[in-house]
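Trainee: Predicted model and sequence follow; I will ask about them next.
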Amino acid sequence: MAQRVDIPAAKSDRDFADLSIAAVSGLALAFTALFLCVVPLTGHIAGSRDFVVFWATGQQLVHHANPYDADAMMQIERSAGLSPGYGVLFMRNPPWALPLALPLGLVGLRTGALLWSLVLLACLAASVRLIWLIHGRPGNSIHWLGYSFAPALVCLFVGQTCLFSLLGLVLFLHLHRTRPFMAGISLWLCALKPHLFLPFAVVLLAWILVSKSYTLLAGTAAAMTASCIATYGIDPAAWIDYTRMMRSPQIEKEFIPCLSDALRLWLNPSAVWLQVLPAALCCAWALGYFWRRRHTWNWTKDGSPLMLVSILAAPYCWLYDQVLVIPALLYGAYLTRSRILLMVLALASVVIEAELVGGIRITSALYLWTSPAWLAWYLFACASAGKRRSELRPEQ
């Protein structure tokens, strides 16, 4: 009798949790869709987002001008509607990303904002869909946590490029066994934000050497070579101007709400090397972590904590950059049996969204809790999994 009562109750709890996750996620996505519909109707919204720096860069490139010229960029950004409180903004991605911004110079601000937002939304949708496929098309609502993950929605709102890197990461996870050359090409998207992948990249190189996956390396080399040649054709002085921009005092003194930057500012603001120290230590840890598992390495399973640590220790990382932990969090979500943990993850996104709606800007130190929280949640999810860990067998 007890068993007949317990099983339906458990199923009812699971159904309620799945329904709650879908409801919370659906509301977040509906709000995002409404915002994307409003973007083309007003230039003020389009010009007040980070997107404006990519559009201004494109405008400079199509006119064969310097995209790192402070005076020119400020004039374009102010005319587009960027608040004077921001100062001049530059595209901080490495110069090989300039071909990505070039097409924006061919369209107006509102049209560019709409197209850019739709492309970013497609990257998020494709990424979560591929993760769902990697895990065997599970018949539940867990993947909706990825669609409504707060950093992903923030990335959509501000128009940042990290959703491109998320797609590159997921394509690598999906293709590295069956189509290694294409998987290597997809890593070019990750190279748009190389500072977010340092421990991950160290292990990737070690894995390539151990597994002799040189075809994957060839794909990456081909993509990087092509993009660098394209960049030189667009702006031959790009690397010189970019280096000068990144060394400016304005960049070095800027506060970024991540643990590495907070560590530098707390101990010695002028010691820039302190900002890369956590990443260096985590790279050493990552090599040891990989070496113990090198014969059974699984990028979906073993790469999940690696990516979480990479984000935690990144030299600089904004809230929207944390979209890169979506594959790891969804792996933990599929692994755990605890619906309470799933609701906690959904509510964490709600808390972040409430803070943003309440007027707390993403530059606030109040967001320092997020990257440690994702790692802690993942560890709790794995610890709660029990025997389900052996039942879940994602692609290797």
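Mentor: Yep, it's here.

Trainee: contacts, neighbours, all on C-alpha from now
Mentor: OK.

Trainee: Count the neighbours of residue 285 for me.
Mentor: A count of nearby residues for residue 285, using other C-alpha atoms under 10 Å, gives 15.

Trainee: no wait, residue 324
Mentor: Every residue meeting other C-alpha under 10 Å relative to residue 324 is counted, giving 27.

Trainee: residues touching it, list them.
Mentor: For residue 324, the contact set (C-alpha atoms under 8 Å, 6 or more residues apart in numbering) comprises 162, 163, 165, 166, 169, 307, 311.

Trainee: Kindly state the pLDDT recorded for it?
Mentor: According to the per-residue confidence, residue 324 scores 97 in pLDDT.

Trainee: Also residue 112?
Mentor: Here, the pLDDT recorded for residue 112 equals 90.

Trainee: Where does it sit: helix, strand or coil?
Mentor: What DSSP: H, G, I helix; E, B strand; the rest coil gives for residue 112 is helix.

Trainee: burial measure for it, as a count.
Mentor: Number of residues near residue 112 (other C-alpha under 10 Å) recorded here: 22.

Trainee: Distance check, it against residue 281.
Mentor: As for residue 112, its distance to residue 281 is 41 Å (criterion: C-alpha to C-alpha, to the nearest Å).

Trainee: do residue 370 as well
Mentor: Distance, residue 370 to residue 281, by C-alpha to C-alpha: 21 Å.

Trainee: Please say which of these two ends up with more neighbours.
Mentor: residue 370 (19 against 12).

Trainee: Might you report the residue contacts of that one?
Mentor: Counting by C-alpha under 8 Å, 6+ apart, residue 370 touches residue 319.

Trainee: Residue 182 too?
Mentor: Residue 182 neighbours (C-alpha under 8 Å, 6+ apart): 175, 176, 216, 219.

Trainee: helix or strand for it, which one?
Mentor: Taking DSSP states H and E as the criterion, residue 182 maps to helix 180-190.

Trainee: And the average pLDDT for that helix is what?
Mentor: 97.

Trainee: Next secondary structure after that helix?
Mentor: Next helix or strand after helix 180-190 toward the C-terminus (DSSP H and E): helix 198-211.

Trainee: How about exporting the helix or strand just after that following helix as CSV, limited to the C-alpha atoms?
Mentor: Going down the chain from helix 198-211, the next helix or strand is helix 214-234, by DSSP H and E. What follows is helix 214-234, C-alpha atoms only, in CSV (Å, rounded to 0.1, in the frame of the first residue of the first chain):
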residue,chain,number,x,y,z
TYR,A,214,45.0,16.7,-34.8
THR,A,215,42.2,17.1,-37.2
LEU,A,216,40.3,19.2,-34.6
LEU,A,217,43.4,21.3,-34.2
ALA,A,218,43.7,21.8,-37.9
GLY,A,219,40.1,23.0,-38.0
THR,A,220,40.8,25.6,-35.3
ALA,A,221,44.0,26.7,-37.1
ALA,A,222,42.2,27.1,-40.4
ALA,A,223,39.4,29.2,-38.8
MET,A,224,41.9,31.4,-36.9
THR,A,225,44.1,31.9,-40.0
ALA,A,226,41.1,32.9,-42.1
SER,A,227,39.8,35.4,-39.6
CYS,A,228,43.2,37.0,-39.1
ILE,A,229,43.6,37.4,-42.8
ALA,A,230,40.2,38.9,-43.1
THR,A,231,41.0,41.2,-40.2
TYR,A,232,44.2,42.4,-41.9
GLY,A,233,42.2,43.1,-45.1
ILE,A,234,39.7,45.1,-43.2
